[in-house]
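Engineer: mind folding the following:
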Amino acid sequence: MALRHHRSMQPKDVWEGVEIVRAHPLLGPQYGSGVRDLRSVWMSLLGREAFRGFVFEDAADSQVQRVGVGVSVFVSDKFLIDMKTQRFSWNGPVLTKRSCAAIPRCFQTSRCATPTPMVG
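Structural biologist: Presented below is the predicted three-dimensional model:
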């Protein structure tokens with residue numbers, strides 16, 4: 001594998017990125033059934049200032065294959081305090097669950113193809 005580059009995540013990358021997380025031997029089990037919500041959460045966050053998603057690609061032999069994803073998000077002080085005062089847990093599933101509860105219903109179905117622009 002010749003990892004050539006990374007780039008910003010685009011809507012077309014989300015499905016495969018979620019599959020990479022689901023299939024990962026450590027991350028997949030941490031998310032459990034919550035991995036189903038990652039697609040709608042990532043789609044709703046793409047393009048927002050507080051979210052960054054990246055795709056890592058292998059470009060060997062003129063074939064481009066996605067081999068990894070990375071995401072980062074800014075959180076509120078309250079969320080950070082909650083995470084630090086509770087027993088230690090993997091933050092990804094908690095962020096996914098809270099974000100999923102806050103996003104519009106259309107992102108919780110496969111019919112939505114693009115994120116809603118951020119308001120305010």
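
Engineer: who's in contact with the residue nearest the centre of the chain?
Structural biologist: Nearest residue to the geometric centre of the chain (Cα atoms, centre = their mean): residue 42, 4.5 Å. By Cβ atoms under 8 Å, 6 or more residues apart in numbering, the contact set of residue 42 is 9, 14, 17, 18, 53, 71. Placement of C-beta: from N, CA and C, glycine included.

Engineer: now with 7 Å, please.
Structural biologist: 14, 17, 53, 71 (Cβ atoms under 7 Å, 6 or more residues apart in numbering).

Engineer: as CSV, these with pLDDT, secondary structure and neighbour count would be great.
Structural biologist: Shown next, in CSV, are the contacts of residue 42 (pLDDT from 0 to 100; DSSP: H, G, I helix; E, B strand; the rest coil; neighbours: other Cβ atoms under 10 Å):
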residue, pLDDT, secondary structure, neighbour count
14, 94, helix, 22
17, 93, helix, 22
53, 94, strand, 20
71, 90, strand, 18
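
Engineer: against residue 81, how distant is the spatially closest residue to residue 21 that is not a sequence neighbour?
Structural biologist: Nearest non-adjacent residue to residue 21, counting by Cβ to Cβ, 6 or more residues apart in numbering: residue 27, 5.1 Å away. Taking Cβ to Cβ, to the nearest Å as the measure, residue 27 falls 25 Å from residue 81.

Engineer: these two - which one has more neighbours?
Structural biologist: Each of residue 27 and residue 81 has its neighbours counted (other Cβ atoms under 10 Å); residue 27 has more, 16 against 10.

Engineer: any idea how far residue 68 is from the more buried one?
Structural biologist: With distances taken as Cβ to Cβ, residue 27 is found 11 Å from residue 68.

Engineer: the helix or strand bottoming out on mean pLDDT in the chain - contacts with which helices or strands?
Structural biologist: The weakest-scoring helix or strand in the chain, judged by mean pLDDT, DSSP states H and E, is helix 91-102 (a mean of 75). Applying 3 or more Cβ pairs under 7 Å, 6 or more residues apart in numbering; DSSP states H and E, we find helix 91-102 packed against helix 27-31, helix 38-45.
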